[in-house]
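Undergrad: model this:
(one chain, ligands or ions: 2)
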Amino acid sequence: MNVHDSEKVVGTLLAQGYLQVETPGEAGLVLYNTCSIRDKAEQKVFSRLQNFKKTAGKDKIFGVLGCVAQQEGEKIFDRAPHVSLVCGSASYPKFGDLLVQIENGDRHVTGLSLDTEDTFDTPLTRRDNPHRAYITIIEGCDKSCAYCVVPFTRGPERSRTGESVMAEARGLAEQGFTEIQLLGQNVNSYRDPSPAGWDFATLLARVAEVPGIRRVRYTTSHPRDFVKPIVDAMDANPVLCDHVHLPVQSGSTRVLAAMDRLYTRDEYMRRIDWLRNAKRNYSITTDIIVGFPGETEQDFQQTLELLDEVQYDSLFSFKYSPRPNTSALEMGDRLAEEEKQRRLAILQERQRAIQIRRNAEMIGATLEVLVEGHNQALAQWIGRTSDHCTLNFTHAEASLVGKYLPVRVTRSGPNSLVGEAVTVV
Ligand code: 5AD
Ligand code: SF4
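TA: Ligands and ions are numbered 1, 2, ... in the order given. This is a model prediction of the structure:
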């Protein structure tokens, strides 16, 4: 989501006559697009702002964008007085106007209103990858998970119209993009605001029918809103990739309730069953938070058992990080940092063993990859399978990036596969 936000901001800058330079040192305007999902990400912004000012900050204009901007607001001007622009993502539709104020010499420019119906619907987006394109379908979040800062930094949910999403998808296909990734904090609660009123499953099915588009992915899902018609839509059209990212956060129903996640472990497992009983083999990945306030050893064991039960293909795991404004901030029974670290290490080790075993089972299989790049050091092409696994392979061809081709898996590791191309292109 942040990567794509940056693409949109860069597009606006280019449209207003700015030029992109190779290094921040050469730039006259330096913007930091920031994340505040965990404390560490937030701290990084301020240390980078300080360090960069010391080394190369002379005669430059600095701006802070994204979630830290929204969260800290005008306080950023006090903490980092060399910053002239502070703008949260809900104000990006006004970003062009804010730039004009900067150009006119204003050194205290803010875009901090969350009171918006707008989505940042820009035809100006400058895309980093020539084959895969992101499309935001819904911004903001109406859930209130007890640990999460996003509803405070990205504001309430706003869905784009189905027609506007379709127009963007068709335009991308015409430009030669073959993979589309639909984005939102909670894509499952997408609802077309136009009279057509498409839900997410309908939108998925329609985007998958756009001629020229070979792969469609989406992220992120919320289990409560992940309904069976989404699985049916995926089953019906293999353009919809064999992968679902379904963040569970904890395997304990008690902790899920404390987190305000709005589902039990059993309800989550029902979604997993839909996917396991579907027509295709779907790769399932997740996010887990360890050490939420009050998480007991028994709760944690239930999360470990969930990993064994679901057999995730990979996961992102985090130590709970207290965030401003969130309801968990008031909860007692905080765990010590060392205990959170211990649980995180155990969880990651458990998952690593699962991935080693699952990936080894892939040896001998032939999978279609989209070639994403080339690794010079290993002399291997970097491929991505429909189920979102990295499958690197050897091939004598000089230029394969952007092509689709079948690759036979010959070796496996915990995080990726290695193989050989089976046809000459
Ligand atoms: N502490 C730790 N992890 C968090 N996440 C969100 N908020 C927090 C927090 N306060 C994790 C969740 C979410 C992912 C994007 O980041 O697992 O799914
Ligand atoms: Fe945060 Fe929960 Fe919304 Fe996801 S669904 S962005 S975790 S509040």
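Undergrad: Tell me where this structure has helices.
TA: Along the chain, the stretches classed as helices by DSSP state H are 2-15, 39-56, 67-72, 75-79, 95-103, 150-154, 162-174, 200-208, 228-236, 253-258, 265-276, 297-310, 337-360.
Undergrad: In TSV: those, plus mean neighbour count, mean pLDDT and distance to ligand 1.
TA: C-beta: built from backbone N, CA, C; applies to glycine. Listed next are the helices of the chain as TSV, based on neighbours: other C-beta atoms under 10 Å; pLDDT from 0 to 100; distance: least, C-beta to the nearest ligand atom, whole Å:
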stretch	mean neighbour count	mean pLDDT	distance to ligand 1
helix 2-15	18	94	11
helix 39-56	14	83	8
helix 67-72	25	95	11
helix 75-79	14	93	20
helix 95-103	16	95	24
helix 150-154	21	95	7
helix 162-174	18	96	23
helix 200-208	22	98	18
helix 228-236	18	98	18
helix 253-258	19	98	12
helix 265-276	17	98	13
helix 297-310	17	98	12
helix 337-360	15	98	10
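Undergrad: Now render those helices as a markdown table, adding distance to ligand 2.
TA: Output for the helices of the chain, formatted as a markdown table (distance: least, C-beta to the nearest ligand atom, whole Å):
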| stretch | distance to ligand 2 |
| --- | --- |
| helix 2-15 | 13 |
| helix 39-56 | 14 |
| helix 67-72 | 11 |
| helix 75-79 | 23 |
| helix 95-103 | 22 |
| helix 150-154 | 4 |
| helix 162-174 | 20 |
| helix 200-208 | 14 |
| helix 228-236 | 16 |
| helix 253-258 | 12 |
| helix 265-276 | 14 |
| helix 297-310 | 16 |
| helix 337-360 | 18 |
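Undergrad: Would you mind saying which of these lies nearest residue 112?
TA: Nearest to residue 112 among these is helix 67-72 (6.4 Å), distances taken as C-beta to C-beta.
Undergrad: Only C-alpha atoms, please: export the closest one in CSV.
TA: Written as CSV, here are the backbone C-alpha positions of helix 67-72 (Å, rounded to 0.1, in the frame of the first residue of the first chain):
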residue,chain,number,x,y,z
CYS,A,67,1.0,7.5,8.6
VAL,A,68,3.6,9.1,10.8
ALA,A,69,2.6,12.5,9.3
GLN,A,70,-1.0,11.9,10.0
GLN,A,71,-0.3,10.6,13.5
GLU,A,72,2.2,13.3,14.7
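Undergrad: Give me the distance between it and the centre of its chain.
TA: Mean C-alpha position of helix 67-72 versus that of the full chain (C-alpha atoms, centre = their mean, to the nearest Å) differs by 18 Å.
Undergrad: again with stretch 165-172
TA: Centre-to-centre, stretch 165-172 and its host chain are 20 Å apart (C-alpha atoms, centre = their mean).
Undergrad: before we move on, what about stretch 88-102?
TA: Stretch 88-102 has its C-alpha centroid displaced from the chain centroid by 23 Å (C-alpha atoms, centre = their mean).
Undergrad: One more: stretch 321-334?
TA: That offset, for stretch 321-334, works out to 24 Å (C-alpha atoms, centre = their mean).
Undergrad: quick one: terminal-to-terminal distance for that stretch?
TA: Chord length of stretch 321-334, first to last residue, is 10 Å (C-alpha to C-alpha, to the nearest Å).
Undergrad: Okay, buried residues for that stretch please.
TA: 321, 323, 326, 328, 334 (16 or more other C-beta atoms under 10 Å).
Undergrad: Same check on stretch 402-420?
TA: 402-405, 407, 409, 412, 417-419.
Undergrad: End to end on it, go ahead and measure it.
TA: End-to-end distance of stretch 402-420: 17 Å, with C-alpha to C-alpha as the criterion.
Undergrad: Likewise for stretch 237-250?
TA: With C-alpha to C-alpha as the measure, the ends of stretch 237-250 fall 31 Å from one another.
Undergrad: What about contact with ligand 2: does that stretch have any residue there?
TA: No. Interface with ligand 2: stretch 237-250 contributes nothing (C-beta under 6 Å from any ligand atom), its closest point being 7.0 Å away.
Undergrad: mind listing what's buried in that stretch?
TA: 239-250.
Undergrad: can you narrow those residues to ones near ligand 1?
TA: When contact is defined as C-beta under 6 Å from any ligand atom, these meet ligand 1 at 247, 249.
Undergrad: Could I get the buried residues of stretch 237-250 in JSON lines, plus columns for pLDDT?
TA: Below are the buried residues of stretch 237-250 laid out as JSON lines (pLDDT from 0 to 100):
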{"residue": "239", "pLDDT": "98"}
{"residue": "240", "pLDDT": "98"}
{"residue": "241", "pLDDT": "98"}
{"residue": "242", "pLDDT": "98"}
{"residue": "243", "pLDDT": "98"}
{"residue": "244", "pLDDT": "98"}
{"residue": "245", "pLDDT": "98"}
{"residue": "246", "pLDDT": "98"}
{"residue": "247", "pLDDT": "98"}
{"residue": "248", "pLDDT": "98"}
{"residue": "249", "pLDDT": "98"}
{"residue": "250", "pLDDT": "98"}
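Undergrad: Can you tell me which of the buried residues of stretch 237-250 comes closest to ligand 1?
TA: Distance to ligand 1, by C-beta to the nearest ligand atom, is smallest for residue 247 among the buried residues of stretch 237-250, at 4.1 Å.
Undergrad: And for the closest one, nearest residue in space, chain neighbours not counted?
TA: residue 287 (3.8 Å; C-beta to C-beta, 6 or more residues apart in numbering).
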